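*Asks:* Kindly generate the corresponding structure for this input.
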Amino acid sequence: GKAAAKVNLSPSAVSRRIRALEKELGAALFVRRSKSVELTTVGTQYFASLSPAFLTIHQATNALTDNNTQKRLLLTVPQSFAVSWLTPRLPSFQKRCPDVEIEVNVSADITGHHADDFDVGVFLSQGSWPGRYVEKIMPISVFPVCSPDLARDIHTISDLAEQTLLHVRQLPNAWPEWLGAVGATNAWVKNKRTKQMHFNDVQLAYEAAQRGLGVAVGADIVVRGHLEAGRLVAPFEQKVPSAFSYYFVCTKTRLRDPVVQKFRRWLKMAVRDTENTEVR
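*Replies:* Below is the predicted model of the structure:
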């Protein structure tokens, strides 16, 4: 529906054009489910190949419409980052830059892998963004989190074999990454009967953890508020640096925009303030 609105077509018209393209290509681009669609492996590769062309078109359009001098900023961020970190700090940006109108779009795509229509993005990434300006702004550490009640049954890492492990589809290696770093890889491999539950949104995984459905891997800055409020607890002391970090991303053309520079400087300052007040 959102894609159809952006191109001023009905959802059925968009579906017909996609099917025609799939027929022409001789390959399925999407896996269609009752309430959602996801890119196939072929679709993901096709999108990655076309992205530089889309970006060139977007930059040329911005240049012609003089978007580079506007005082409005379209910001796309993962929902978990918006709720847990960004939104509580936006009053600081508004006070510092009252002349900037900011529009925040939240995305379930926490890695920004399929995002392209934004002025500035903050995504959980490993830094691969062809054709864009990319800057690491915030490394993260990860560790298991669960409800206080569930934590009473978890005393050692081996106890995880009896628990449901909560996964986020965009970060499929989060559990192996943490277990491997703390020397518990064998526990992961041997415990074939470990129960699993998968989510396509980080916030949903944390909500499930709060309700005692299982144990999730939490990112420090995102779960910090939940830990301070006692909604979640960390049953183990080991924090592991993640292979992913939060990155500031924008087109190279928009990087020269004073509005984008204002937001970038404020963002880096807010990150430093977060690091200085981190609960150890």
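*Asks:* Not counting sequence-adjacent ones, nearest residue to the residue nearest the centre of the chain?
*Replies:* What sits nearest the mean C-alpha location of the chain, by C-alpha atoms, centre = their mean, is residue 110, with 1.5 Å. Ranked by C-beta to C-beta, 6 or more residues apart in numbering and with sequence neighbours excluded, the top spatial neighbour of residue 110 is residue 78, at 3.9 Å. Bear in mind the C-beta positions are built from the backbone N, C-alpha and C, glycine included.
*Asks:* for residue 123, same thing?
*Replies:* residue 112 (3.2 Å).
*Asks:* okay but that neighbour is in contact with residue 105, surely?
*Replies:* No: taking C-beta atoms under 8 Å as the definition, residue 112 is not a contact partner of residue 105, at 11.5 Å.
*Asks:* what sits in contact with each of those two?
*Replies:* Common contacts of residue 112 and residue 105, defined by C-beta atoms under 8 Å, 6 or more residues apart in numbering, comprise residue 76.
*Asks:* Show me what residue 143 is bridged to.
*Replies:* Beta bridges link residue 143 to residue 218 when assigned by DSSP bridges.
*Asks:* State the pLDDT value of it.
*Replies:* The model reports residue 143 with a pLDDT of 95.
*Asks:* same deal with residue 269?
*Replies:* pLDDT, read off for residue 269, is 94.
*Asks:* In the helix or strand hosting it, which residues are buried?
*Replies:* Take DSSP states H and E as the rule and residue 269 turns out to sit in helix 258-276. The neighbour-count check on helix 258-276 (16 or more other C-beta atoms under 10 Å) flags 259-260, 262-264, 266-267, 270-271 as buried.
*Asks:* just to revisit the earlier point, higher neighbour count, residue 112 and residue 105?
*Replies:* Neighbours of residue 112 and residue 105, each counted by other C-beta atoms under 10 Å, are more numerous for residue 112; the result is 22 against 14.
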